[in-house]
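**Student:** Turn this into a model:
(2 chains)
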Amino acid sequence: SQTIHQWPATLVQPVGSPLSLECTVEGTSNPNLYWYRQAAGRGLQLLFYSVGIGQISSEVPQNLSASRPQDRQFILSSKKLLLSDSGFYLCAWSENQYEQYFGPGTRLTVT
Amino acid sequence: DAKTTQPTSMDCAEGRAANLPCNHSTISGNEYVYWYRQIHSQGPQYIIHGLKNNETNEMASLIITEDRKSSTLILPHATLRDTAVYYCIVRVWGNQGGKLIFGQGTELSVKP
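**Tutor:** As a prediction, this is how the structure comes out:
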């Protein structure tokens, strides 16, 4: 069966510090991968998606970036965090375009 | 992708059917209707999807009007664990890596 992992579960970082969130998927090959962000009390916003290794599409301009160094690994990064980067970050995968399966999420607080 | 309109919140008594409406009046012929839900502090969960026929699975039923301008998600016997935000999403099959655009959804509260 397929599983998706995200870490860390929670993170508190000061403004201006770097960020690296990792997502890995097991039990599937060549999945589509997605990064979403959910600010407090708001809906999910798609940040990035990837249809293959090294292929990244960005949905919104921001100080975040994404990379896919391996087939089942998706990384979200920032060189310098802003207060507005606080939120709940969710990674998701899909293989048949019917369903997306979401990870447990990382709750980021930028102070 | 077509936009959707959902009520902000709804209440439902435990054990009763929960009927969640969604308007998608600008839907085009090749766009599917998807439903997801998000329980507090968790990632969203896929529920069901359809194109023009009614669909049913172990979680819910999806009723799509004949003109496809609206749909209703039905949870036949709501439980307290069904309390969540329910998202109705419309998108083209296979578009741009299958990305989903989430709106604000309907916050369903199931009460004992």
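**Student:** does the most centrally placed residue in chain A belong to a helix or a strand, and which?
**Tutor:** Residue closest to the average C-alpha location in chain A (CA atoms, centre = their mean): residue A:35, at 3.3 Å. Here residue A:35, judged by DSSP states H and E, is contained in strand A:32-38.
**Student:** Direction included, what does the following helix or strand past that strand pair up with?
**Tutor:** Where DSSP H and E defines the elements, the next helix or strand beyond strand A:32-38 is strand A:44-52. Strand pairing for strand A:44-52, using DSSP bridges, gives strand A:32-38 (antiparallel), strand A:55-58 (antiparallel).
**Student:** Between those, which one is closest to residue A:47.
**Tutor:** Judged by CB to CB, the one of the strands paired with strand A:44-52 that comes nearest to residue A:47 is strand A:32-38, at 4.4 Å. Using the backbone N, CA and C atoms, a C-beta is placed for each residue, glycine as well.
**Student:** same question for that closest one, mean pLDDT?
**Tutor:** Averaged across strand A:32-38, the pLDDT comes to 93.
**Student:** For the residue nearest to the centre of chain A, give its distance to residue A:22.
**Tutor:** Relative to residue A:22, residue A:35 is positioned 11 Å away (criterion: CB to CB, to the nearest Å).
**Student:** hey, what's in contact with both of these two?
**Tutor:** Common contact partners of residue A:35 and residue A:22 (CB atoms under 8 Å, 6 or more residues apart in numbering or on different chains): residue A:74.
**Student:** Columns distance to residue A:79 on top of the strands paired with strand A:44-52, output as CSV?
**Tutor:** Below are the strands paired with strand A:44-52 laid out as CSV (distance: least, CB to CB, whole Å):
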stretch, distance to residue A:79
strand A:32-38, 16
strand A:55-58, 15
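**Student:** re the thing from before, and the residue nearest to the centre of chain A, how far from chain B?
**Tutor:** Applying CB to the nearest CB, to the nearest Å, the value for residue A:35 to chain B is 11 Å.
**Student:** now swap in residue A:9 and tell me
**Tutor:** Counting by CB to the nearest CB, the separation of residue A:9 from chain B is 11 Å.
**Student:** residues touching that residue, list them.
**Tutor:** Residues in contact with residue A:9 (CB under 8 Å, 6+ apart) are A:104-107.
**Student:** ok so, going back, surely the residue nearest to the centre of chain A touches residue A:87?
**Tutor:** No: using CB atoms under 8 Å, residue A:35 is not in contact with residue A:87; the gap is 11.3 Å.
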